[in-house]
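Engineer: dropping a prediction and its sequence here:
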Amino acid sequence: MNIVILAAGQGKRMRSALPKVLHPLAGKPMLAHVLATARALAAKKAVPARIVVVIGHGAEAVRAAFAAETDVQFVLQEPQLGTGHAVQQAAPRLDDAEPTLVLYGDVPLLRAGTLERLLATAGDARHEGVGLLTVRLTDPCGYGRIVRDWHGNVLKIVEERDASADERAIDEVNTGILVAPTARLKRWLAGLSADNAQREYYLTDVIAQAVAEGLHVAAVAAEDADEVLGVNSQAQLAQLERVAQRRIAERLMQDGVRLADPARLDVRGELTVGADVFIDVGNVFEGRVALADGVRIGPNNVIRDCSIGAGTEVLGFCYLERAAIGANARIGPFARTRPDVKLGDDVHIGNFVEVKNSTFGRGSKANHLAYVGDATVGSRVNIGAGTVVANYDGANKHHTVIEDDVHTGSNSVLVAPITVGAGATVGAGSTVSRQVPAGKLTVARARQTTIEGWKRPTKKSG
């Protein structure tokens, strides 16, 4: 199967330097969603797909964003003279023996199942079947209208600028998505004219040519109007974002997740869940996040590229990034993990604690007001309030090892590189910069002194 994706448009109404098809939807560029649908369709049909993406505005940025996509061919449309002209640029890359499906890089929510239905209704598009995806809208303004004869057969598509008053009253509109026999499509493209209000070559004009040759045009209406909506402005992108998030919420609930409010959830990547997961309001999941059985996520967290073990609870207002968290842990509220953190089972990371590039063994705790960076923390360690692992000397990062069963008192500073031996206790207010022996109390702080006769300075009058 040939699949052509039109992605050359500038998107002036987006008012952005970013090419339109690279604007993110649910954490991925719009074009990435369309490519995923194309691949899913090919997999369902069990046929190889030749995917050709037509680029124009911001072409190099689009190429760079998808440089790793080895199954995609890019062709340049320069200048951009309409949808028909765009497909003309792809024509030399298409296999005449296979049908060609045309999709759009700014129509990101189309389902593979809808395209399956289109292909099935079109029949054998290798030789004669033409399929056209339509939708009925209560407000069809701005769309090309589907003109049928008295028997319901498709005659042509008329763009709104070129439509008569009667044609503008039609509520069935063109989505631009079609499938056609490739050899015929190439011939029809060669015969397109720019004699219209926009002075462009419309892909839709091939429908009238197909009808003129006596081919049957099967018009299939999308059951869900949301999936064929395109993006031409930031407002439309925001509208589709909510549609995408609603779909994700519905899938999560089908998987057994309890959502406090499905409308207050944002998944910007891939979220996988176990059984009996609860997610409160206002959470943002980015990248790849996995929640095991019984995980509870409190309100207003940002969780990016994390795995969270069974029975763990993340309280509200945490920012977790690239962390692997074990089972039955307790995180937050107001905790932060920076990249490359591994927290074992039963670990507690409390309010206003930041952990970076460190591991915590089973049952260790940093319950409040601490910073642990570039450290290996053993099991059953208690990091006291205000403890700082000072890992940075102004030029380089250094590693700290805190062995099992260590306790650090409040407002301790561990100056890396350092090892705190198993079972050691660091007295409150200590700044330690040398080896702390195992099983002993180490205190490193200035002697307390009281100055007799000292008076607090007062402000000068006048």
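Structural biologist: In hand now; what should we look at? Since we're looking at a predicted model, the values are computed, not measured.
Engineer: am I right that Arg434 is in contact with Ile418?
Structural biologist: Yes. Between Arg434 and Ile418 there is a contact at 7.0 Å, judged by CB atoms under 8 Å. Placement of C-beta: from N, CA and C, glycine included.
Engineer: what's the local residue count around Arg380?
Structural biologist: Using other CB atoms under 10 Å, Arg380 has 17 other residues around it.
Engineer: i'd like the first residue to be 811 from this point on
Structural biologist: New numbering, starting at 811: the last item is Arg1190.
Engineer: thinking again about what came up before, more crowded one of Arg1244 and Ile1228?
Structural biologist: Higher neighbour count among Arg1244 and Ile1228: Ile1228, with 20 against 10, using other CB under 10 Å.
Engineer: how about that one, what does it touch?
Structural biologist: By CB atoms under 8 Å, 6 or more residues apart in numbering, Ile1228 lies in contact with 1210-1211, 1242-1246.
Engineer: against Val1236, how distant is it?
Structural biologist: Ile1228 sits 10 Å away from Val1236, going by CB to CB, to the nearest Å.
Engineer: what do you get for Leu965?
Structural biologist: 85 Å.
Engineer: tell me which of those two has more neighbours.
Structural biologist: Neighbour count, other CB under 10 Å: between Leu965 and Val1236, Val1236 has more, with 25 against 14.
Engineer: domains in this protein, by residue range?
Structural biologist: The chain breaks down by automatic domain parsing into domains covering 812-1038, 1066-1252.
Engineer: would you single out the least confident of the ones you listed?
Structural biologist: Mean pLDDT is lowest for domain 812-1038 among these, at a mean of 92.
Engineer: OK, contacts around the closest residue to Asp1076 other than its chain neighbours?
Structural biologist: What sits nearest to Asp1076 in space, not counting adjacent residues and going by CB to CB, 6 or more residues apart in numbering, is Val1094, at 4.6 Å. Contacts for Val1094 (CB under 8 Å, 6+ apart) come out as 1076, 1078, 1111-1113.
Engineer: out of the residues you listed, who's the most crowded?
Structural biologist: Ile1113 (25 neighbours).
Engineer: what about that residue, helix or strand, and which?
Structural biologist: strand 1112-1114 (DSSP states H and E).
Engineer: before we move on, back to that, out of the contacts of Ile1228, which are inside strands?
Structural biologist: 1210-1211, 1242 (DSSP state E).
Engineer: count of neighbours near His1217?
Structural biologist: 20.
Engineer: who's it bridged to?
Structural biologist: For His1217, the beta-bridge partners under DSSP bridges are Asn1192, Thr1235.
Engineer: just checking, it touches Val1236?
Structural biologist: Yes. Checked against CB under 8 Å, the pair His1217 and Val1236 is within contact range at 7.2 Å.
Engineer: quick one on the thing from earlier: wait, which of the contacts of Val1094 is closest to Thr931?
Structural biologist: Arg1078 (34.6 Å; CB to CB).
Engineer: what sits closest to that closest one if chain neighbours are left out?
Structural biologist: Nearest one to Arg1078, counting by CB to CB, 6+ apart, is Gly837 at 2.8 Å.
Engineer: what about the residue nearest to Asp1076, distance to Tyr1129?
Structural biologist: Remark: distance between Val1094 and Tyr1129 (CB to CB) = 10 Å.
Engineer: give me the common contacts of the two.
Structural biologist: Common neighbours of Val1094 and Tyr1129 (CB under 8 Å, 6+ apart) are 1111-1112.
Engineer: now stretch 1052-1072: buried residues?
Structural biologist: For stretch 1052-1072, burial by neighbour count (16 or more other CB atoms under 10 Å) applies to 1053-1055, 1057-1059, 1062, 1067, 1069, 1072.
Engineer: again, but for stretch 1221-1239
Structural biologist: For stretch 1221-1239, by 16+ other CB under 10 Å, it's 1221-1226, 1228-1232, 1234-1238.
Engineer: and for stretch 1104-1119?
Structural biologist: The neighbour-count check on stretch 1104-1119 (16+ other CB under 10 Å) flags 1104-1109, 1111-1119 as buried.
Engineer: follow-up on the earlier one: next SSE after the host helix or strand of the residue nearest to Asp1076?
Structural biologist: Per DSSP H and E, Val1094 falls inside strand 1093-1101. Next in sequence after strand 1093-1101, counting helices and strands by DSSP H and E, comes strand 1106-1107.
Engineer: pairing partners for that next one, with directions?
Structural biologist: By DSSP bridges, strand 1106-1107 pairs with strand 1088-1089 (parallel), strand 1123-1124 (parallel).
Engineer: could you confirm Lys1057 falls within a helix?
Structural biologist: Rather than Lys, residue 1057 is Arg. Yes. Checked against DSSP: H, G, I helix; E, B strand; the rest coil, Arg1057 lies within a helix.
Engineer: what segments of this structure are helices?
Structural biologist: Residue ranges of the helices in the chain, as given by DSSP state H, are 840-855, 869-875, 893-900, 922-932, 975-978, 992-1000, 1015-1022, 1044-1064.
Engineer: highest mean neighbour count out of those helices?
Structural biologist: Comparing the helices of the chain by mean neighbour count (mean count of other CB atoms under 10 Å), helix 893-900 ranks first with a mean of 23.
Engineer: got a list of what Asn1042 touches?
Structural biologist: Contacts of Asn1042 by CB under 8 Å, 6+ apart are 821, 823-824, 830, 916.
Engineer: tell me the contacts of Arg921?
Structural biologist: Neighbours of Arg921 in contact, by CB under 8 Å, 6+ apart: 847, 1034, 1037.
Engineer: could you redo the last one with a cut-off of 6 Å?
Structural biologist: Glu1037 (CB atoms under 6 Å, 6 or more residues apart in numbering).
Engineer: mind putting the strands paired with strand 1106-1107 in CSV, distance to Leu947 and mean neighbour count included?
Structural biologist: Conversion of the strands paired with strand 1106-1107 to CSV gives the following (distance: least, CB to CB, whole Å; neighbours: other CB atoms under 10 Å):
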stretch, distance to Leu947, mean neighbour count
strand 1088-1089, 34, 22
strand 1123-1124, 42, 22
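Engineer: reformat those strands as JSON lines; add distance to Lys1269.
Structural biologist: Shown next, in JSON lines, are the strands paired with strand 1106-1107 (distance: least, CB to CB, whole Å):
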{"stretch": "strand 1088-1089", "distance to Lys1269": "55"}
{"stretch": "strand 1123-1124", "distance to Lys1269": "49"}
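Engineer: please identify which of those is closest to Val1182.
Structural biologist: Nearest of the strands paired with strand 1106-1107 (CB to CB): strand 1123-1124, 17.9 Å.
Engineer: hang on, the earlier thing: which pair in the contacts of Val1094 spans the largest distance?
Structural biologist: So, the contacts of Val1094 by CB to CB: farthest apart are Arg1078 and Asn1111, at 13.3 Å.
Engineer: if we can go back for a sec, partner strands of the strand holding Val1094, parallel or antiparallel?
Structural biologist: Here, using DSSP bridges, strand 1093-1101 pairs with strand 1075-1083 (parallel), strand 1112-1114 (parallel), strand 1117-1118 (parallel).
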